[in-house]
Structures are given as C-alpha cells and as structure tokens.
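here are the coordinates; sequence isn't available:
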C-alpha cells in the first residue's frame, strides 16, 4: 500500500512539475506572469500536502516536494521584471535559474523509486532543505537589494515583493530548524517545525490572493499557444468600453505622465501609473494596446526619447550622453542608444552632430 501511495505522489509531482515548467518557460517578460506561476505552484503544493494528510501513512516520512526551490527564483524574477522592466529573462537565464530545481526533481524521483527502508528519502530531505536555505537566502538577498535601491514610492506590487521577501528570510530560519529535526530525530525542539513551513506557505498564498483581487489580475483564461493566455490577462482592448471613454483615458494618462514626469522614473510601472491616474491597471493596458497600438514600455520609451531630443536641442555639447541616458530613465546607455536609433533613425551622438551642423550653418548665413 505504501508503495502504491508513493507511486501516486510521484505521478502527481511529475505532472505538476511539467505544468509549472511549461508555464515558467512560456509566461515570461511581464511581472505578473511569474506571480501567476508562483500562485499555481502554491496551489499544487497545498494539494500535495493534503494528499499526504488524507491518505499518507503517519509513520512514513513525507517526501518534500522540490517546489521550495522555485519560490525564491520566481520572486526574484517577479521583482526584477518590476524594478527593471527593460531586462527580459532569456531562455538561457531561465534554464540556469531552474537548474537546481531540475536536479532536485531527479533526486525526488530517485528517492521515490527506492525502498522506504533504504534511507534515500531521509537523505534526499537533508539535501533538499540545505539547498532550499541557500536558494532562499541568495535570491531573497538579491530581491531585497533591488527594492532597497528603488527610489520610487510604494505600490501594491512593491509592498507584495517586500512582504514575500521577508517571509523568505523567515523560511531560512525554519529550514534550519527542519534540517535539525531531520538530522537529530531524537532531540525534541518542543514542536513539529514542518507544519510551520506550510503556515508560511498559506500566508504567502493569502498575500497573493489579496494582490490578485485588488488589481483584478485574471488567472485562468484558457491555455493557448505561447503567451496568448497571459496576453489576455494583461488586457486586450475590451469591446464594451466606448472609444470616447478610451480617448478620455488617453488624455488623462498623457497629462499625468507629463505633469509628474513619471516616465523619467527608471522603475516606472503600470501600478504606479494606475495610482496617479486612478485608472485600473487592466484598463490602462487596454488604452496602450488598443488606442496607442503600443505596449506600456514602448510608449514610455518613446516619451523618454522625445525628452532626450529636447534636451540635446537645448543643451547641445554641454550634456554628456551617459548622463542623459540615466536622466531619461534608462538603466543603461545601450538601451538608450537602441531606443533612440529606433525612434530617430540615428544614434544620440549622430543626432547631436547633425543638430550642431544645422545650427552652425544657420549661424553662418549672412544677415
């Protein structure tokens, strides 16, 4: 009977991991996509725990699910996409970040296939908890560094990232206690630690639910090819919204972006714009995709380049292009040059030279 139960958990784990990995590699480039993958992972993790509670043998040691190695990675990617939206994770980067998960999935399968009395499960559990602690500590530190360096006002997304990061640091301590109980089973610490881990998991699940409800983020819209499901979640133009209303929203958006100069903020996001305009996030996406025929970040990049063109016209050689790129809100000169050339057909230096040449010719014309 125990062998059958382990086989069922193994099949469930493999199917769950296949679903999550498909979502992880397809749903990339938008901050909420990593949140949705994390949300699905927590749901599947909780179901796994319920399976053990309902049908598992109390005397049998629960085989830890390798999802614990995904959570800090997903949080880091979610935060990076929010604080540095111009950097999209490549497939190579995603493969590298998910490598520990793949390795532990292989160990999980190997432990399930071994006899219960062989000691493989206990050995795998020790390796797993050590790896989780290192992963949590590493990626939580990287995430904390990103939001510490951020100068923008707090948004719901920013608050969620900080809350989940603090929970990850707490899980490092719990991981150490679980590892201690696994390694020294005869030494009683006063309570069972593993249920505390699931309590943290439930708290994180609650925080994500509140965030999803607050921002009206769709979770399931049907799985189509590639990123179609989450393109819809980001908000395609809604036929029920009158064109006149969309046009009014567009005017409000432009006025607020110009008034606050929010587009110059390196960490500008739809959440921040939603706060300034009082227009829900999904409706902002409708305006950009449907009215402007651009994504939010393409629109912001165009405003930044227009600003850069004005600054070059005003200041000429007195402003360095390096400082101008950061003044415009770009996080690197490379991004600045790429967007500038796409918008004007010239690099910033070529544009400034051409502008200076025209000015000199104008000044040399006899009056």
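Great, that's in hand. Worth saying up front: this structure is predicted, and the values here are computed from it rather than measured. Residues are numbered from 1 along each chain as shown.

run the chain-centre distance for whichever helix in the chain runs longest.
Looking across the chain with DSSP state H, the single longest helix is helix 120-149. Shown here is helix 120-149, whose average C-alpha point lies 17 Å from the average C-alpha point of the whole chain (CA atoms, centre = their mean, to the nearest Å).

the most centrally placed residue in the chain - nearest residue in space that isn't next to it in sequence?
The residue at the geometric middle of the chain, judged as the C-alpha nearest the mean C-alpha position with CA atoms, centre = their mean, is residue 78 (1.3 Å). Distances taken as CB to CB, 6 or more residues apart in numbering put residue 34 closest to residue 78, at 4.0 Å, once the chain neighbours are dropped. In short, each C-beta sits where N, CA and C put it, glycine included.

quick one: buried residues of whatever helix or strand that neighbour lives in?
Taking DSSP states H and E as the criterion, residue 34 maps to helix 31-55. Neighbour-count burial for helix 31-55, with 16 or more other CB atoms under 10 Å as criterion, is recorded at 31-42, 44-45, 48-49, 52.

check stretch 140-152 too.
Applying a neighbour-count criterion of 16+ other CB under 10 Å, one finds 140, 143-144, 146-147, 150, 152 buried in stretch 140-152.

do stretch 307-327 as well
Neighbour-count burial for stretch 307-327 [16+ other CB under 10 Å]: 307-309, 312, 321, 324-325, 327.

among those residues, which ones are in helices?
Under the assignment DSSP H, these contribute 307-309, 312, 321, 324-325, 327 to helices.

for these, which one is nearest residue 105?
For residue 105, the nearest member of those is residue 325. The distance, counting by CB to CB, is 42.1 Å.

can you pull the contacts of the closest one?
When contacts are counted by CB atoms under 8 Å, 6 or more residues apart in numbering, residue 325 touches 308, 332-333, 335-337, 348.

would you format those as CSV with secondary structure included?
Supplementary listing: the contacts of residue 325 in CSV, determined by DSSP: H, G, I helix; E, B strand; the rest coil:
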residue, secondary structure
308, helix
332, coil
333, helix
335, helix
336, helix
337, helix
348, helix
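
roughly how far apart are residue 302 and residue 308?
11 Å (CB to CB, to the nearest Å).

check residue 37 too.
Distance, residue 37 to residue 308, using CB to CB: 36 Å.

which parts of stretch 120-138 are buried?
Buried residues in stretch 120-138 (16+ other CB under 10 Å): 120-121, 124-125, 128-129, 131-133, 135-137.

which strand or helix spans the residue nearest to the centre of the chain?
Applying DSSP H and E, one finds residue 78 within helix 71-83.

what angle sits between that helix and helix 120-149?
Put simply, helix 71-83 runs at 20 degrees to helix 120-149, going by axes from the mean of the first three to the mean of the last three CA atoms, to 10 degrees.

the stretch 151-300 of the chain: helices as residue ranges?
156-183, 194-214, 228-235, 243-260, 270-277, 281-286, 296-315 (DSSP state H, counting those that start in this stretch).

isn't residue 169 up against residue 139?
No - counting by CB atoms under 8 Å, no contact exists between residue 169 and residue 139, whose distance comes to 10.8 Å.

name the residue in those two with the higher neighbour count.
Shown here are residue 169 and residue 139; by other CB atoms under 10 Å, residue 139 has more neighbours (22 against 13).

for the more buried one, give me its contacts.
With CB under 8 Å, 6+ apart as the criterion, the residues that contact residue 139 are 72-73, 75-76, 168.

out of the residues you listed, which are buried?
Neighbour-count burial (16+ other CB under 10 Å) applied to those gives 72-73, 75-76, 168.

from what I can see residue 66 touches residue 110, true?
No - here residue 66 does not reach residue 110: they are 11.9 Å apart, not a contact under CB under 8 Å.

between the two, who's got more neighbours?
Between residue 66 and residue 110, counted using other CB under 10 Å, the more crowded position is residue 66 (23 against 11).

three-state assignment of the closest residue to that one other than its chain neighbours?
In this structure, residue 66 finds its nearest non-sequential neighbour in residue 104, 4.1 Å apart by CB to CB, 6+ apart. Counting by three-state DSSP, the backbone at residue 104 sits in helix.

ok, now residue 330?
Three-state call for residue 330 (three-state DSSP): coil.

please name the residues that touch the nearest residue to it once chain neighbours are set aside.
Setting aside the residues directly before and after it, residue 330 is nearest to residue 336 in space (CB to CB, 6+ apart), at 4.2 Å. Neighbour list for residue 336: 308, 321, 324-325, 328, 330, 348 [criterion: CB under 8 Å, 6+ apart].

do you know the pLDDT at the closest residue in space to residue 43 that isn't next to it in sequence?
Distances taken as CB to CB, 6+ apart put residue 205 closest to residue 43, at 7.8 Å, once the chain neighbours are dropped. Turning to residue 205, the model gives it a pLDDT of 88.

picking that back up, mind putting the helices of the stretch 151-300 of the chain in JSON lines, distance to residue 94 included?
Formatted as JSON lines, the entries for the helices of the stretch 151-300 of the chain read as follows, by distance: least, CB to CB, whole Å:
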{"stretch": "helix 156-183", "distance to residue 94": "19"}
{"stretch": "helix 194-214", "distance to residue 94": "21"}
{"stretch": "helix 228-235", "distance to residue 94": "15"}
{"stretch": "helix 243-260", "distance to residue 94": "32"}
{"stretch": "helix 270-277", "distance to residue 94": "23"}
{"stretch": "helix 281-286", "distance to residue 94": "24"}
{"stretch": "helix 296-315", "distance to residue 94": "20"}
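
mean pLDDT lowest for which of those?
Lowest mean pLDDT within those: helix 228-235, a mean of 36.

good, wrapping up.
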